[in-house]
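Enquirer: Next one to model:
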Amino acid sequence: MAIPDDIARQMPFARRDVHADDVRLSVVDEGEGAPLLFVHGNPTWSYLWRHVMRPAREAGLRVVAPDHAGFGLSDQPTDPRYYSLERHVENLRAVVRALDLREVTLVLHDWGGPIGMGLAVHEPERIARIVIANTVAFAPKEKRPLTKWHAWLSTWWGYRLGVHLNAVQRSAMTLGVARPLAPEVERAYRWPMRRRGGRVAAARFVQMVPDGPDHPTAAVLRRYEADYPKLADKPMLVLWADKDRVMRPRFARRWLDSFPAADIRHVAPDAGHFWQEDAPELFAPHIVRFAQAEA
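Expert: Modelled structure (predicted):
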């Protein structure tokens, strides 16, 4: 899938393809230094990381940012049964193995948290350090009511209408930022969603949010959590944007339960969930310095 020229000018990074079974994954891969692996969430793609990848690349680091299946320039299966947390983790493992990434600094956001932590517990020898930025990767311990949004998308008709209207992308990229996106930026986020597979992938991520301990995703997260001790020796930096409407500032401290040595910093009091648009200049220096600390 060719990227439009106006979007390509905003994303001047080299790409390569990696195959996970019969699905092609598009991956930004540029630079020769220690690798930073940027893992996006919903409903974004590697474009999300452009303002962080530039200073990392200029600092002599290797920037790697895959598009999950269904997103960005990757293949977009239309069967909703394709999409699961475990599938996304296995796809990310395929990327890491294909590129033979080692001494990796993970940078995780939104659904990139559960996916990246799934990678880390399966491939701990490849991970050097972890950056957490407005994400959680823990199973709920008790039933919690679905938001009206989640409940609607969980119905058959809500899911079908949500996919048709591209409702996930439209709502997330409006409510997830502290200020409106510029038209060219909004177009770049909408562009991959013009195909049905992208809208299906985004809607499935919403359905995958666990509403209690009996949800299928919760069972997967519990397995990952059981293996978090494997990562106890990995330095962890937790950065937070505090105007996140879903992942409130208190969520940052949840990481201390499993990683007591984590360094937590609230660096953007006025940025929303998609801090990569609101305040990338506040996050990028922390991420670059952290990646360079033991490089």
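
Enquirer: give me the element residue 162 is part of.
Expert: helix 156-165 (DSSP states H and E).

Enquirer: Just want the angle from the next helix or strand after that helix to helix 156-165.
Expert: Per DSSP H and E, the first helix or strand lying C-terminal to helix 156-165 is helix 167-175. Angle of helix 167-175 versus helix 156-165, following axes from the mean of the first three to the mean of the last three Cα atoms, to 10 degrees, is 70 degrees.

Enquirer: the helices in this structure, which residues?
Expert: 5-10, 50-58, 85-98, 112-122, 148-154, 156-165, 167-175, 183-190, 196-207, 216-226, 254-258, 275-278, 280-292 (DSSP state H).

Enquirer: can I assume residue 159 is in contact with residue 168?
Expert: No. Counting by Cβ atoms under 8 Å, residue 159 sits too far from residue 168 to count as a contact (10.4 Å). For every residue, glycine as well, the C-beta is placed using N, CA and C.

Enquirer: Give me the common contacts of these two.
Expert: 153, 203 (Cβ atoms under 8 Å, 6 or more residues apart in numbering).

Enquirer: Low-confidence regions, the stretch 101-250 of the chain specifically.
Expert: Scanning the stretch 101-250 of the chain for pLDDT under 70 picks out 146.

Enquirer: before we move on, the earlier item: if you count surrounding residues, which of residue 159 and residue 168 has more?
Expert: Of the pair residue 159 and residue 168, residue 168 is the one with more neighbours under other Cβ atoms under 10 Å, namely 23 against 19.

Enquirer: What residues does that one make contact with?
Expert: 42-43, 153, 162, 199, 202-203, 205-206 are the contacts of residue 168 under Cβ under 8 Å, 6+ apart.

Enquirer: same thing but 7 Å
Expert: 42-43, 162, 202-203, 206 (Cβ atoms under 7 Å, 6 or more residues apart in numbering).

Enquirer: neighbouring contacts of stretch 13-22?
Expert: 24-30, 53, 63, 90-91, 94-95, 98.

Enquirer: now stretch 57-65
Expert: Residues outside stretch 57-65 that contact it (Cβ under 7 Å, 6+ apart) are 13, 27-38, 46, 49, 53, 56, 99, 101, 288, 291-292.

Enquirer: what do you get if the cut-off is 8 Å, keeping everything else the same?
Expert: Residues contacting stretch 57-65 (Cβ under 8 Å, 6+ apart): 13, 27-40, 46, 49, 53, 56, 95, 99, 101, 288, 291-292, 295.

Enquirer: Endpoint to endpoint, that stretch covers what distance?
Expert: Taking Cα to Cα, to the nearest Å, the first and last residues of stretch 57-65 lie 12 Å apart.

Enquirer: again with stretch 118-131
Expert: End-to-end for stretch 118-131, by Cα to Cα: 14 Å.

Enquirer: from the middle of its chain, how far away would that stretch be?
Expert: Mean C-alpha position of stretch 118-131 versus that of the full chain (Cα atoms, centre = their mean, to the nearest Å) differs by 15 Å.

Enquirer: Many thanks, I have nothing further to ask.
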